[in-house]
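J.: how would this look folded up:
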Amino acid sequence: MTRVLCAAIAAFTFSLPTIASAANYAPLNCAKAASAAEQTICRNYALGQAEARMATLYGIAMSLVAMGQRGDIGDAQKQWLKAREACGADVGCLTRAYSDRIGQLNKVIDAIASGGPY
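T.: Alright, predicted model coming up:
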């Protein structure tokens, strides 16, 4: 990873609540977990870590892409949330859903990083 991308990730980490809210996706609030999927994520450490990673990558991707791409990424996130909810309490399904979404978001960020120089 380039130094600039690392610096962008570090800067993003400090502004996560602001950017995540602006991007219409806030990390899961376990105090308000209502669905079976949300409750399962909150009770499972690995899924909770996947949620945190996915939310961070989503925020980074949304803050780095051109405005025209933000809508596409946001739409994909909404579709992913529907798929995640369809998993219900199935840990395997939720694990696969997070793995897939994290992979997609990593590809977006990698594409940006490969477009350097910075």
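J.: any low-confidence regions in this protein?
T.: For the chain, applying pLDDT under 70 flags the ranges 1-26, 116-118.
J.: how about 50 then?
T.: Of all residues in the chain, those with pLDDT under 50 make up the ranges 1-23.
J.: And for stretch 70-84, what's in contact with it?
T.: Residues outside stretch 70-84 that contact it (Cβ atoms under 8 Å, 6 or more residues apart in numbering): 23-25, 37, 58, 61-62, 65, 94, 97-98, 100-101, 104, 108. (Each C-beta comes from the backbone N, C-alpha and C, glycine too.)
J.: Against which helices or strands is the helix or strand containing Y98 packed?
T.: Assigned by DSSP states H and E, Y98 belongs to helix 91-114. When contacts are defined as 3 or more Cβ pairs under 8 Å, 6 or more residues apart in numbering; DSSP states H and E, helix 91-114 packs onto helix 3-14, helix 36-43, helix 45-64, helix 67-86.
J.: residues in contact with that helix?
T.: Residues from elsewhere that reach helix 91-114, judged by Cβ under 8 Å, 6+ apart: 1-2, 5, 37, 40-41, 44, 46-47, 50-51, 53-54, 57-58, 60-61, 64-65, 69, 73, 76-77, 80, 83-84, 86-87.
J.: again, only using 6 Å
T.: If you take Cβ atoms under 6 Å, 6 or more residues apart in numbering as the criterion, helix 91-114 is touched by 5, 47, 50, 53-54, 57-58, 61, 64, 80, 83-84, 87.
J.: Pull the most distant pair out of the residues you listed.
T.: L5 and C87 (31.5 Å; Cβ to Cβ).
J.: Compare the two (neighbour count), which wins?
T.: Applying other Cβ atoms under 10 Å to L5 and C87 shows that C87 carries more neighbours, namely 20 against 17.
J.: what's the more buried one in contact with, if anything?
T.: Counting by Cβ under 6 Å, 6+ apart, C87 has contacts A37, C93, L94, A97.
J.: Would you mind listing which of the residues you listed are buried?
T.: By neighbour count, with 16 or more other Cβ atoms under 10 Å, the contacts of C87 hold A37, C93, L94, A97 as buried.
J.: That concludes my questions; thank you for your assistance.
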